[in-house]
Structures are given as structure tokens and as C-alpha cells.
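J.: Pasting a predicted model and its sequence here:
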Amino acid sequence: MAKKLLIRDLTLRDGQQSSFATRMNQSQVDSVLPYYKKAGFYAMEVWGGAVPDSVMRYLGENPWDRLEKIKAAVGDVSKLTALSRGRNLFGYSPYTDEIIEGFCRNSIESGLGIMRIFDALNDVDNVKSTIKYVKKYGGLADCAVCYTIDPHFSLSERIAYLFKGKKLPGKVFTDAYFLKKAQEMEALGADMITIKDMSGLIPPKRVAGLVRLFKQNLKVPVDFHTHCTPGYGLASVLSAIVAGADIVDTNIWNFAGGPAAPAIELIYVFCQKMGIELGIDMEAVAQINHELLRIRKELEAFDAVKQFPNPFNPLTDTLPTDIDQAFDRAIAAAQSMNEAALIETCHTIERYFNFPAPNELVKKAEIPGGMYTNMVAQLKQLKAEDILEKAMELIPRVRLDAGLPPLVTPTSQIVGAQAVNCALDARNGKPMYSNVSNQFVGLVKGEYGHTPVPVDPDFRFKITGVREETPYDTSKYQMQPNPVLDDCGGVKLAETEKEVLLLELFPLVAKKFLTDQKKLRYEQTKPAETVKPEPEKAAPQKVSEPITGTVVNAPMPGRIIQILVKPGDTVQSGQDVVILEAMKMENSITAHVSGKIKQVLVAEGDAVATDAPLVEIV
């Protein structure tokens, strides 16, 4: 009896998120769904991650509709899967059990079959609630162990730590570490375990060892998820298959490779040669790929790669002899674990099909590709590209100071943004950590959970003002305001539980999206004769008095997400006055003098430049 390998298709979530900024609209998704129903993938990842935020923010579409329409079209042929960040779900703060339960119940009622649950710290306590509620409502809990590696420190850095009376930790992220996390999640009820290599940094030999270790010690299926950015992706997936993985994650041809996962078509060729059954209708996959080529051209403005693979259909195209033999050599290398030969042969195959070459910068930096590109974008925004090398150098130190978190959303953004802040501090002649984001404070304080190694109490006190690890207190959680919209017929901003959940999980984005939806609906219900075009109004101008006092300025460009004071308020030096979102982080901007607020010079939602005046204190 031939071995069976299950495939989780990532195209409609991780695929488009990795390569096309999550910009597929509903009509584009709808165009491929009939073929997906024929294809018969074990699972389709279609939701979670950046999808709910992006479809509201950029497309004006309802995330729940996206999930429900896919379920209606595909039925029970494939299990629909989503990605969530344990207790954080999609946000930066832990949520109450009430919200986690509501989210899980509504997701499963809307068609979700599998929830892939991970925690950015690999803190198993943070996934307990989601496992419980996913299973309570009939879903499968796919618990992911986030793969990461220990940071590298130079000899001079190690000596510097010794001079400070500190010793760098030994190896933390060992095979035993990952197995322990997997076993703890299995004990909590995980229905499957995923080795989640979000950075594409796991080489073939390491993943083969982990898969075998997991298979020997776990009773549940093992899935492998990776990306191709640094150049290991295809070789590591083949290695995982040879080692006995039950499920692997792939994308369809035109959405595969580069920052995304390997192509199902290449995995199909390997499996045909090894006598492994996929149980997938590859003719239907070819039809999906035909549509994806059109969609990719429509998404050109968001294409992170702008390099199309050469057309290929494994059912109809004959491979040149040398490339066909390369597939055979790669299999032999995976079976004998000749890692160097395996990687080079897979690169030969990918070059032939014109998939992107390995990103050597990301490979050398050993950080997620998305984290690297975010840092580059942040520095361009700050007009400080010259400090990129310094920021990259600081990542290991910042990461160690924060307890060695794995670099996955959101910790990758938190550490990356803080490394940029520290590099800016150095350039401006200030001590490191002169400017810290609220999220970095929360991470160091313990609000995100237990870090892989303890944070130094002295450092925690320096950053947070407390020495002991302090968990996030969900008892103080406050629901988002849900006002009545008088200009939309007197309805509430969020009228249903699903809308309330959107508001809780994506406050700023959902507020605008729901308001726009309610306005549109209200306008459509008005009798035609009463609808009159409103005269154009000039954009309101901010009126400000001459500045005579002390001004609090924005330390970096960003967006005002909350104003904490109003004219007439008395403030003390060091008191928070504005929350500025910059580099995807929330930064508390404080008063540097005591006095009275004379005027607030910005409004919530405003985009501001570096040194923009925010409030005046007299």
C-alpha cells in the first residue's frame, strides 16, 4: 500500500500574504473556488493571519463573509484552516476567555475546521484557552511549535558580557526544547502538531531530525510549514517528507517560492518518483493556477517578487533529462542526508523554473524576511537607512535583553522596531533604550507570557519600573466603545457578536470599516427622492493659537491613535499625553515638563512627521 501524504494549501492566506500583501479581493477568491472543490486538498488555509485586517482595511470587505463564502463553495471537501496567535489572537495584548471563546465559536460556525494556534514565545500557557474552545465547538486544534535559533554573539561581545559580570546563556533552542513544547501541547489536547518555520531558516538535516523525533514521541500527526526566502524551503520540505511528516504546507505554482512556501507541483513530482500518494486532482490544481496567473497580474502593484516562474504542468509537460535526473538526485540526497547536495540540487531545480534565488541577506541575518523588509521600510520612513547595519547588529542583544523570544509575529516586529530605536539612540548620542515602544515594555514586563530565558530583573526595572515578571491582568480588560451612530439611522457601530469581535480584535480598522458599512446601508434605505447630493465642504482646518509654551513633538513619523489629554488638563513631567503608532508599534509620548495643556495640535487618526508639534504645555 502506497504511503499517503496530506497537503495543506496555503495559497489563499499565507501565499497571498507572503507575496502580495494580502490583497486578493472576494471576486478573485471566488474565481478559484470551484476548482478547489475539485482539487481535494486535505486542508486549505484561507483565514487568520493578516486576512481579517487587510480585507477590511484595504478592500472594504467583511472578514466573516470571506470565510463563509469559501465554506459555501468548497463544502466539506477540504478542511478550512486559519492562523491565530493563542491568547493574543490578532492583537498585541492578551484577550479574556470570553473573547477567545466567542472568536473560536463564531469561526467554527462560519466554516472553520482547523485552527492553527501558536504563541510568539512558545509559552504553552498562552494556547490553552484557544485549544479548549476550538475543541469545545467541534474544530481541530493544530498547535504550532515556532522554530527559531539561538542568536550568534562574537567573541568580543561574549567578553563584554563577562566584564559586566554576566554570562550568555548556552544553547536554548535544542531538539529537546521543541519536543517538550510539542508534548505539552499534545497533553492539552492538540489534534496535530506543526513545526512552524516562519523564517524559512530550518535546514534539511535539522527538520529531518525533528520530524523523526516528533514521530517517535507523539501520537498525533506532524505537519511541516516553512518558507523559501533563505533558500532551504524546497529541500527542507522534501527532507521532512522522507523523514515521515504526515502533512506538508505548499502553495500553487504562481503563488509559490521566494517569500512563500514551495510549489505543490514540485512536491507532486517528488512524490510520484517516491510512490507517495497525495490524493489531489492535479488537473484541478492546473485550473487554479491558470486563474492565479491572471490574479497575480492584477496584483502587480503589490507583488513582492515580480518574478514569474516558468509555466509548468506536471501532468502534461515533459522535463528535460537533466532536470528529471535532478529530482532523482535530490531524493537520493534527502534519503542519505547529504545536506549540501540536497540544497544545491533543489536550487538547480528552482533556477530551471525561474523561482527567486535565495535571499542571502535574510539567510545571513537569520531573521524572518518580513522582519528584515519591515526594518528597511521603517528606516526609509525615518530617512535613516544609514543605520540599517547597526540595527541588524543590535538584534541579538535586544532579543537577549527581552528574554530570547522567537522571532515571529508579534515579537519579530517588537524586537525589530526596538533594534531600530536603539540604533537611532546611538546615532543621536543617547543611551540604548532611551526610546522604547509600549509593546517592548509589555514584553519585558511579562505581559506576553514567559520568555524562553528569564529577563534580567535589573533590565526589567530599567524598562518597566518593576523587577518581578508581571503577567497581563485580563480582569482589567475594557471592551471597545460601541456607540450609537446617529447619522446612520441610530444603529450601533457593532450590531452583532461577529461585529463586536471585529471591533475588539481590530479597533481602529474595524471602527472605520463598520462605520462605512452602516453609512452605506443607511443611504441605500433612504427613499430615492430624499437623497440629495451634499454640497462639497472644505476640509476643516485645525485652528491653533500662537505657541508660547513648551511643545511636545513627535520623535518619529507615525499616526496618532489616542490623545490622552485635553486643553486645561494639568500634567506632570513624564506623564503620557499621546499614543503614537510608528513602525507598527504603539509609543507613549510623554510630557517633559509639568504644567497645563494649552492646546492639542493634532487629532486622532492624523499622520504626523518627525518633530511634528503634538501638544502645547504652559
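T.: Looks like it arrived, so ask away.

J.: When you work out contacts or count neighbours from here on, use the C-alpha atoms and nothing else.
T.: OK.

J.: Show me where the stretch 1-150 of the chain has its strands.
T.: 3-4, 6-9, 43-48, 79-84, 112-117, 140-146 (DSSP state E, counting those that start in this stretch).

J.: could I get these as TSV with mean pLDDT?
T.: Shown next, in TSV, are the strands of the stretch 1-150 of the chain (pLDDT from 0 to 100):
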stretch	mean pLDDT
strand 3-4	92
strand 6-9	98
strand 43-48	97
strand 79-84	96
strand 112-117	97
strand 140-146	97
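
J.: Now render these as CSV, adding mean neighbour count and distance to residue 237.
T.: Formatted as CSV, the strands of the stretch 1-150 of the chain follow (neighbours: other CA atoms under 10 Å; distance: least, CA to CA, whole Å):
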stretch, mean neighbour count, distance to residue 237
strand 3-4, 13, 15
strand 6-9, 23, 11
strand 43-48, 25, 17
strand 79-84, 24, 20
strand 112-117, 26, 19
strand 140-146, 26, 16
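
J.: and residue 173, which of those strands is closest to it?
T.: strand 140-146 (10.2 Å; CA to CA).

J.: Please state the offset of the helix or strand following that closest one from the chain centre?
T.: The helix or strand immediately downstream of strand 140-146 is helix 155-163, counting by DSSP states H and E. Taking CA atoms, centre = their mean, to the nearest Å, one finds helix 155-163 lying 34 Å from the centre of the chain it belongs to.

J.: Grab the CA positions of helix 155-163 and hand them over as PDB.
T.: Written as PDB, here are the backbone C-alpha positions of helix 155-163 (Å, rounded to 0.1, in the frame of the first residue of the first chain):
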ATOM      1  CA  LEU A 155      33.900  36.700  20.900                       C
ATOM      2  CA  SER A 156      34.200  40.400  21.700                       C
ATOM      3  CA  GLU A 157      30.500  40.500  22.600                       C
ATOM      4  CA  ARG A 158      30.900  37.500  24.900                       C
ATOM      5  CA  ILE A 159      33.900  39.000  26.600                       C
ATOM      6  CA  ALA A 160      31.900  42.300  27.100                       C
ATOM      7  CA  TYR A 161      29.100  40.400  28.800                       C
ATOM      8  CA  LEU A 162      31.700  38.700  31.100                       C
ATOM      9  CA  PHE A 163      33.100  42.100  32.100                       C
END
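
J.: what does it contact?
T.: Residues outside helix 155-163 that contact it (CA atoms under 8 Å, 6 or more residues apart in numbering): 167, 168.

J.: Next, format the strands of the stretch 1-150 of the chain as TSV and append distance to residue 70.
T.: Shown next, in TSV, are those (distance: least, CA to CA, whole Å):
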stretch	distance to residue 70
strand 3-4	26
strand 6-9	14
strand 43-48	8
strand 79-84	8
strand 112-117	10
strand 140-146	18
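
J.: Buried ones in stretch 294-305, by neighbour count?
T.: Residues of stretch 294-305 classed as buried: 295, 296, 299, 302, 303 (neighbour count, 16 or more other CA atoms under 10 Å).

J.: now, which of the residues you listed lie within helices?
T.: Among the buried residues of stretch 294-305, DSSP state H puts 295, 296 in helices.

J.: Now distance to residue 576 and pLDDT too, for the buried residues of stretch 294-305, in a markdown table please.
T.: Formatted as a markdown table, these follow (distance: CA to CA, whole Å; pLDDT from 0 to 100):
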| residue | distance to residue 576 | pLDDT |
| --- | --- | --- |
| 295 | 46 | 98 |
| 296 | 45 | 97 |
| 299 | 41 | 95 |
| 302 | 37 | 90 |
| 303 | 39 | 91 |
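
J.: Quickly name whichever of the buried residues of stretch 294-305 is closest to residue 271.
T.: For those, the nearest to residue 271 is residue 296 (27.2 Å; CA to CA).

J.: is it true that the closest one touches residue 252?
T.: No: assessed by CA atoms under 8 Å, residue 296 is found out of contact with residue 252, at 11.9 Å.

J.: Residue 306 belongs to a helix?
T.: No: with DSSP: H, G, I helix; E, B strand; the rest coil as the criterion, residue 306 is assigned coil and is not in a helix.

J.: Residue 20 versus that one, what's the distance?
T.: Look at residue 306 and residue 20: by CA to CA, to the nearest Å, they are 10 Å apart.

J.: With neighbour numbers in mind, choose between these two.
T.: Each of residue 306 and residue 20 has its neighbours counted (other CA atoms under 10 Å); residue 20 has more, 20 against 14.

J.: need the contact list for the more buried one.
T.: 299, 302, 303, 304.

J.: One more pass at 6 Å, please.
T.: Residue 20 makes contact with 302, 303, according to CA atoms under 6 Å, 6 or more residues apart in numbering.

J.: ditto for residue 191
T.: 140, 141, 142.

J.: Any regions of this structure where pLDDT drops low?
T.: Along the chain, segments meeting pLDDT under 70 span 1, 92, 381, 527-544, 556-557, 582-586.

J.: secondary structure class for the most centrally placed residue in it?
T.: The geometric centre of the chain, computed from its C-alpha atoms, lies nearest to residue 409 (CA atoms, centre = their mean), at 4.5 Å. Per three-state DSSP, the local secondary structure of residue 409 is coil.

J.: how near is it to residue 370?
T.: Distance from residue 409 to residue 370, by CA to CA: 10 Å.

J.: helix, strand or coil for the closest residue to residue 563 other than its chain neighbours?
T.: Spatial nearest neighbour of residue 563, chain neighbours left out: residue 578 (4.6 Å); criterion: CA to CA, 6 or more residues apart in numbering. Following three-state DSSP, residue 578 is assigned to strand.

J.: And for residue 598?
T.: Following three-state DSSP, residue 598 is assigned to strand.

J.: My read is that it contacts residue 566, right?
T.: No: here residue 598 does not reach residue 566: they are 8.4 Å apart, not a contact under CA atoms under 6 Å.

J.: Show me which of those two is the more surrounded one.
T.: Taking other CA under 10 Å, residue 598 and residue 566 do not tie; residue 598 has more neighbours (21 against 14).

J.: which residues of the stretch 151-300 of the chain fall in helices?
T.: Counting by DSSP state H, counting those that start in this stretch, the stretch 151-300 of the chain has helices at residues 155-163, 175-187, 204-217, 233-243, 264-274, 282-298.

J.: from the ones you listed, which stretch is densest packed?
T.: Each of those was scored by mean neighbour count; the highest is helix 233-243, a mean of 27, by mean count of other CA atoms under 10 Å.

J.: Next, the angle from it to helix 204-217.
T.: 30 degrees (axes from the mean of the first three to the mean of the last three CA atoms, to 10 degrees).

J.: helices or strands up against helix 233-243?
T.: helix 204-217 (3 or more CA pairs under 6 Å, 6 or more residues apart in numbering; DSSP states H and E).
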